[in-house]
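1. Sequence and computational prediction follow.
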There are 2 protein chains.
Amino acid sequence: MKILITGGAGFVGARLARSLLARGTLAGKAIERIVLSDQAAAPADLLAHARVEGRVGPLLAHCEALREEAFDGIFHLASAVSGECEADFDLGLRSNLDSTRALLDALRARANAGAAPARLVFSSSVAVYGPDAAVPMPARVADETLPTPQTSYGTQKLICEHLIADYTRKGYIDGRAARLMTVTVRPGRPNGAASSFFSGIIREPLAGTEAVCPVSPEVSHPVSSPQRTVEGLIAVYEASREAFCGRTAMNLPGLNVTVAQMLAALEAVAGAKVRALVRFERDERIAGIVANWPKGATAGRAARIGLLPEASFEDIIRQYIADHTGHPTALKGLA
Amino acid sequence: MKILITGGAGFVGARLARSLLARGTLAGKAIERIVLSDQAAAPADLLAHARVEGRVGPLLAHCEALREEAFDGIFHLASAVSGECEADFDLGLRSNLDSTRALLDALRARANAGAAPARLVFSSSVAVYGPDAAVPMPARVADETLPTPQTSYGTQKLICEHLIADYTRKGYIDGRAARLMTVTVRPGRPNGAASSFFSGIIREPLAGTEAVCPVSPEVSHPVSSPQRTVEGLIAVYEASREAFCGRTAMNLPGLNVTVAQMLAALEAVAGAKVRALVRFERDERIAGIVANWPKGATAGRAARIGLLPEASFEDIIRQYIADHTGHPTALKGLA
């Protein structure tokens, strides 16, 4: 089978590609080819793999050609992130909305030409939820909670969920939207996402450098490790339509933690000296965005296909440490 | 003030224009000009009015010019209807989604150039609601009910609601989405809407001709008269942002009636002979669409701005009769 991963050079996309290559099969079929489409080049280890092909450029520019190319499965992860979308409204519309529409229309053109509908997993986000004056947000958002997004990013993700549901209803694709919880601990540099600090306050101290937390310790949020997130995307792909249950987007599991609990876990795993590298300095822009995010989430439908959140935030930190053992600087703080 | 009504030649749009002309003011300001944009020419009585201008053509073709033209208020009613959107997927995307996006982007361009954000009322629909395997639909859908649309029309309306909420949040417009209940009794010929029979089973017998009801008498649905619907759109326009309460779409009031109750009301108002002109002949396509529609609705937020449903379906029939008194054929069945 042939798989397309949009956003395939990104952190989650590349990890998904590595997981798929390690498995060798998806939904019972041998994986013959994985195409990674992204604005940036995919990591060298992936491009070196005989079954992997990288395509660099905006997704929107790739979609026309997709009308002529057969893919069995698509993981549609490409997205501008929340901070970018707030700063540049047109960028968000183009990257998150127009690109998804173009991708779906390419797949529809193929189905209309007689191809079997491609299976598509869309990475939506917990950012679809938010408080609205008319509709209070529950302490833990559930699959059934009414999404009233408070950012352009969340709005665009929600719109894509509904497009995918309708293209699925019409038989143009076999689409499943899964709402990712905030993925942490991300490696590398901070990115434009307002949620970037959720990784930074763990990653930087582990590397022996200072980190600034822009929100208060009481801030609570549902998070998931990179590995659980990738496992969730694969399980959603492999679920039967009946097991996925309907066409409404499904929450992936999240561990509901406060910033204080995250830092306590950091101290438990890495010691007080590492923990002490985090200081609090409020950033009103970030704090304002985060204040409108869910404080916790449940994932009832995901549990029914066997997906559960991490048992503890310590486990999430240990996963990051295991992933970076041998890395020259990532764990310098532990030395 | 200058007002744009998209879909202004349609039944609701034209009635809205007449109501606005009769009032002379909107939100406390004198109405100087009403532009009716539609695919078809507006009714002659409206075009004869000194303050009214008609523009014929697809909305999408008009939007670029709207970047150069100041409107204080917009009633965005233009839409392909449910049956059309199911039959022609591209038509629905273009008419309902791309046109709304182009309209919003024209208004955004004006706001970005320094104009005050235009106030916009969007006619969404009770068709945003539907049953999904994961999320059962309540007997009466409320403002807070999770919409899981089961038609392309409902999907596109819901997507537009969320676009309008986000353009409003960003300050590009002052947008309010109001979900219309099924408007009945519509005059004229049946249209492509799957809900067309809700008017036909009253209108045709009153005109002395047979009508076919494609669904069973037990089918229940929330409906509203044309006049209440227009009053609702105006009240939503005039509400303060605080009174509108949030940016989530608001249900307009609907009277929850069964087809049997509608026909009993017809008999009460117009007699048994008129009622006897309706026969039942199931249409699987229509029945299938309608089966996924809400059986009833509530409108708690609308009630808080003073909007209530009709007291009885008899009142709705009497409104139609009053509207058509003197019409040569519309009430022939009553003769």
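-> That came in fine, so what should we check first?
2. can you give me the helices in the stretch 101-250 of chain A?
-> Remark: helices assigned in the stretch 101-250 of chain A by DSSP state H, counting those that start in this stretch are A:152-169, A:196-206, A:226-238, A:241-244.
3. Out of these, flag the one nearest chain B.
-> The minimum distance between chain B and the helices of the stretch 101-250 of chain A falls on helix A:152-169, with 4.1 Å, by CB to the nearest CB. Bear in mind the C-beta positions are built from the backbone N, C-alpha and C, glycine included.
4. most tightly surrounded among the helices of the stretch 101-250 of chain A?
-> Among the helices of the stretch 101-250 of chain A, ranked by average contacts under mean count of other CB atoms under 10 Å in any protein chain shown, first place goes to helix A:152-169 (a mean of 26).
5. any idea of the angle that one forms with helix B:152-169?
-> Put simply, helix A:152-169 runs at 180 degrees to helix B:152-169, going by axes from the mean of the first three to the mean of the last three CA atoms, to 10 degrees.
6. does any bit of helix A:152-169 sit next to chain B?
-> Yes - Helix A:152-169 lies within reach of chain B by CB under 8 Å from any CB of the partner chain, at A:152, A:155, A:158-159, A:162-163, A:165-166, A:169.
7. model confidence over that helix, on average?
-> Average pLDDT, helix A:152-169: 98.
8. I'd like to know which elements that helix is packed against.
-> helix A:82-87, helix A:89-92, helix A:99-112, strand A:118-125, strand A:173-180, helix B:152-169 (3 or more CB pairs under 8 Å, 6 or more residues apart in numbering or on different chains; DSSP states H and E).
9. The fourth one pairs with which strands?
-> Within its sheet, and counting by DSSP bridges, strand A:118-125 is paired with strand A:73-76 (parallel), strand A:173-180 (parallel).
10. who's in contact with the first one?
-> Read that as strand A:73-76. A:1-8, A:13, A:16, A:26-27, A:100, A:103, A:107, A:118-123, A:233, A:237 (CB atoms under 8 Å, 6 or more residues apart in numbering or on different chains).
11. Kindly format the C-alpha coordinates of that strand as CSV.
-> The C-alpha coordinates for strand A:73-76 follow below in CSV (Å, rounded to 0.1, in the frame of the first residue of the first chain):
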residue,chain,number,x,y,z
GLY,A,73,-4.1,6.0,3.0
ILE,A,74,-3.5,9.6,4.0
PHE,A,75,-2.5,11.0,7.3
HIS,A,76,-3.3,14.7,6.9
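12. where does the stretch 201-335 of chain A come near chain B, residue by residue?
-> Residues of the stretch 201-335 of chain A lying near chain B (CB under 8 Å from any CB): A:245-248, A:250, A:301.
13. Now the two most distant members of those residues.
-> A:247 and A:301 (11.9 Å; CB to CB).
14. Who has more neighbours out of the two?
-> Per other CB atoms under 10 Å in any protein chain shown, whichever of residue A:247 and residue A:301 has more neighbours is residue A:301, with 26 against 23.
15. can you pull the contacts of the most centrally placed residue in chain A?
-> Closest residue to the average C-alpha location of chain A: residue A:180 at 4.9 Å, with CA atoms, centre = their mean. By CB under 8 Å, 6+ apart, residue A:180 lies in contact with A:12, A:123-126, A:224, A:229, A:232, A:252.
16. Bridge partners for it, pull those for me.
-> residue A:125.
17. And it, how close does it get to chain B?
-> Note on residue A:180: its distance to chain B, by CB to the nearest CB, to the nearest Å, is 18 Å.
18. doesn't residue A:213 make contact with residue A:279?
-> Yes - counting by CB atoms under 8 Å, residue A:279 touches residue A:213, with 7.2 Å between them.
19. one step back: which one of the contacts of residue A:180 is nearest to residue B:46?
-> Closest approach between those and residue B:46, by CB to CB: residue A:124, at 44.2 Å.
20. give me the number of residues near the closest residue to residue A:171 other than its chain neighbours?
-> Excluding the flanking residues, the one nearest residue A:171 by CB to CB, 6 or more residues apart in numbering or on different chains is residue A:117, at 5.9 Å. Counted with other CB under 10 Å, the neighbours of residue A:117 add up to 17.
21. Pull up the distance across stretch A:184-193, start to finish.
-> 12 Å (CA to CA, to the nearest Å).
22. Buried ones in the helix or strand hosting residue A:55, by neighbour count?
-> Residue A:55 belongs to strand A:52-56 when elements are defined using DSSP states H and E. Neighbour counts over strand A:52-56 (16 or more other CB atoms under 10 Å in any protein chain shown) mark A:52-55 as buried.
23. just stretch A:74-91 next, same as before
-> Quick answer for stretch A:74-91 (16+ other CB under 10 Å): A:74-86, A:89.
24. Relative to residue A:32, which of the residues you listed is nearest.
-> Nearest member of these to residue A:32, counting by CB to CB, is residue A:74, at 15.1 Å.
25. does that closest one have beta-bridge partners, and which?
-> According to DSSP bridges, beta-bridge pairing links residue A:74 with residue A:4, residue A:120.
26. gap between it and residue A:31?
-> 13 Å (CB to CB, to the nearest Å).
27. and for the two, which residues touch both?
-> Each of residue A:3 lies in contact with both residue A:74 and residue A:31 under the rule CB under 8 Å, 6+ apart.
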